[in-house]
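Visitor: Let me see the structure of the following:
(one chain, ligands or ions: 1)
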Amino acid sequence: MSAADQRGGLAAYSDEVRAAVVQVRAIVSALHAELPRYGLVVWTAGNVSQRVPGADLFVIKPSGVSYDDLTPESMVVCDLDGELVEGTRAPSSDTAAHAYVYRHLAHVGGVVHTHSTYATAWAARGEEVPCVLTMMADEFGGPVPIGPFALIGDDSIGQGIVETLRESRSPAVLMRNHGPFTIGKDARAAVKAAVMVEEVARTVHISRQLGEPVPIPQADIDSLYNRYQNVYGQQSGREGVS
Ligand SMILES: O=C(CO)[C@@H](O)[C@H](O)COP(=O)(O)O
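Guide: Okay, here's the model as predicted:
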């Protein structure tokens, strides 16, 4: 009997929660395919998780399994202490970091970690990405901050993520010498932030090869951020208005 089975698995949870777990397994499994699709990962180096609505649980990938082999059934369910609740494989090695974020940031519903090349190159330098692009003002509301160096496996990474992002509008933090961690209202939003942080890290790096990028004034950053967050795209409640 596995450790998760010994703890009772999902038997103690309601039918609604078990149904939600099935849905979140499918969402998280499908979103992992976006990481190689956008060129954000090599081999097995990255992970996506999402909270289960109505319970202190989240779904994350198993550790070290090829992206091609990830399925809804192979995802694992953990509690907010990072303990395995349902699944037959060892959870991602970054499970403790994801769990810490969920425990301390109630508004976060999804977390993503990659080692995408340009974002990780900035992390290796320990240098924040300055806000010199409208796309950065839109998505990050300012620079992409650097988090502290932290060892993998315990709460250190999670603490660094939470301490850094509490002081920032950015949904992305570049953990020093490691790589980007992103957050969102759900896993899809966190994957989007992972795609965007790699894109802006690449563009600002290339800009630096040409000279010194020009900063955007704070008032313009604020204006761009407010428009993108509140007006851009199909805001909920506007569907059907002609
Ligand atoms: O940084 C690390 C480990 O050094 C991780 O991010 C891995 O790259 C992905 O690990 P799993 O999610 O497959 O355990």
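Visitor: Would you mind pulling up the elements that the longest helix seen in the chain packs against?
Guide: Under DSSP state H, the helix in the chain containing the largest number of residues is helix 187-210. With contacts taken as 3 or more C-beta pairs under 8 Å, 6 or more residues apart in numbering; DSSP states H and E, helix 187-210 sits against helix 15-32, helix 34-37, strand 46-51, strand 110-114, helix 117-125, helix 134-140, strand 172-175, strand 179-184. Glycine gets a C-beta too; all of them are placed from N, C-alpha and C.
Visitor: got the contact list for the spatially most central residue of the chain?
Guide: The C-alpha lying nearest the average C-alpha coordinate of the chain belongs to V112 (C-alpha atoms, centre = their mean; 2.4 Å). Contact analysis of V112 by C-beta atoms under 8 Å, 6 or more residues apart in numbering lists 35, 46-49, 181-184, 187, 190-191, 193-194.
Visitor: can you pull up the bridge partners for it?
Guide: V48, T182 (DSSP bridges).
Visitor: Just the pLDDT for it.
Guide: pLDDT, V112: 98.
Visitor: heads up, I number from 581, so please use that
Guide: I'll keep to 581 as the first residue from here, and by that count the last item is V692.
Visitor: mind checking how far it is from S748?
Guide: Distance, V692 to S748, by C-beta to C-beta, to the nearest Å: 17 Å.
Visitor: same deal with E779?
Guide: E779 sits 18 Å away from S748, going by C-beta to C-beta.
Visitor: One more: V622?
Guide: 28 Å.
Visitor: same check, this time on Q814
Guide: To S748, Q814 is 26 Å away according to C-beta to C-beta.
Visitor: Looking only at neighbour counts, state which of those two leads.
Guide: Between Q814 and S748, S748 has the larger neighbour count (other C-beta atoms under 10 Å), namely 17 against 7.
Visitor: Assumed the more buried one was part of a helix.
Guide: No - counting by DSSP: H, G, I helix; E, B strand; the rest coil, S748 is located in no helix; its state is coil.
Visitor: so what's it up against?
Guide: So S748 contacts 721-722, 725 (C-beta under 8 Å, 6+ apart).
Visitor: Near the ligand, which residues of the chain? Just list them.
Guide: Counting by C-beta under 6 Å from any ligand atom, the positions of the chain adjacent to the ligand are 624-625, 627, 641, 643-644, 672-674, 693, 732.
Visitor: So which of those sit within strands?
Guide: Cross-referencing the residues of the chain next to the ligand against strands under DSSP state E gives 627, 693.
Visitor: Among the residues of the chain next to the ligand, name the buried ones.
Guide: Buried by 16 or more other C-beta atoms under 10 Å: 624-625, 627, 641, 672, 674, 693, out of the residues of the chain next to the ligand.
Visitor: if we take the residues you listed, which one ends up nearest to Q603?
Guide: Among these, K641 lies closest to Q603 (C-beta to C-beta), at 16.2 Å.
Visitor: show me the contacts for the closest one.
Guide: Residues near K641 by C-beta under 8 Å, 6+ apart: 608-609, 612, 627-629, 650, 654-656, 671-672.
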